[in-house]
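S.K.: Here's a sequence, model it:
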Amino acid sequence: MDLVAPYYNTNMRVTMDNFYTSVPLLQNLGQKGVLDTGTVRSNRKFLPKDLLPKTASLTKHKYLVAQAGNLTYCILMDTKAVLVISKYHCPTQTGEERRRAGQPDQQQAVVPIALAGYQEKMKGVDLCDQMLGYCMPSHG
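M.R.: Prediction:
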């Protein structure tokens with residue numbers, strides 16, 4: 001919370017990965033005027049039970065969206081389930097993402113706008129993490 005304290009009551013949009021994202025954090029930041037979105041681990045407390053991968057019966061590239069209070073919950077089944085919580089995305093709005101980007105058979109896929117927004121903001125961070133993984137020496 002201290003990291004975003006300078007942005008209280010500014011409606012600043014923050015994007016987080018699943019290490020930080022939780023329902024209580026999104027609610028607390030929302031009360032302080034900070035809007036955020038992020039992926040969340042499926043074993044976190046306070047998640048709606050019907051959105052958990054074990055109970056949501058989804059096939060590959062299908063998604064489920066729900067809203068509880070002022071939070072939008074999305075689950076997309078890709079190689080594994082991807083869960084996203086958002087404070088500022090509309091639950092009925094969709095976006096597009098490229099599947100197999102850079103491949104000759106790339107396709108556009110319809111996804112919840114919360115997931116499309118998350119991927120747009122985090123793609124550079126994920127790429128950087130991936131590149132660092134290639135360069136880091138092993139500690140063996």
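
S.K.: Please make it C-alpha for all contacts and neighbour counts, starting now.
M.R.: Will do.

S.K.: Tell me which other helices or strands the helix or strand hosting residue 82 touches.
M.R.: Using DSSP states H and E, the element containing residue 82 is strand 81-86. In terms of contacts (3 or more C-alpha pairs under 8 Å, 6 or more residues apart in numbering; DSSP states H and E), strand 81-86 is packed against strand 34-39, strand 71-77, helix 113-135.

S.K.: Residue 18 touches residue 43, doesn't it?
M.R.: No. Using C-alpha atoms under 8 Å, residue 18 is not in contact with residue 43, being 10.8 Å away.

S.K.: out of the two, which sits in the more crowded spot?
M.R.: More crowded of residue 18 and residue 43, by other C-alpha atoms under 10 Å: residue 18, with 15 against 9.

S.K.: where in the protein is pLDDT low?
M.R.: 1, 51-56, 99-105, 124-134, 136-140 (pLDDT under 70).

S.K.: Contacts only, for the closest residue to residue 12 other than its chain neighbours.
M.R.: Sequence neighbours aside, residue 34 is the residue nearest to residue 12 in space, at 5.2 Å (criterion: C-alpha to C-alpha, 6 or more residues apart in numbering). Residue 34 sits next to 4, 7-14 when contact means C-alpha atoms under 8 Å, 6 or more residues apart in numbering.

S.K.: Good, wrapping up.
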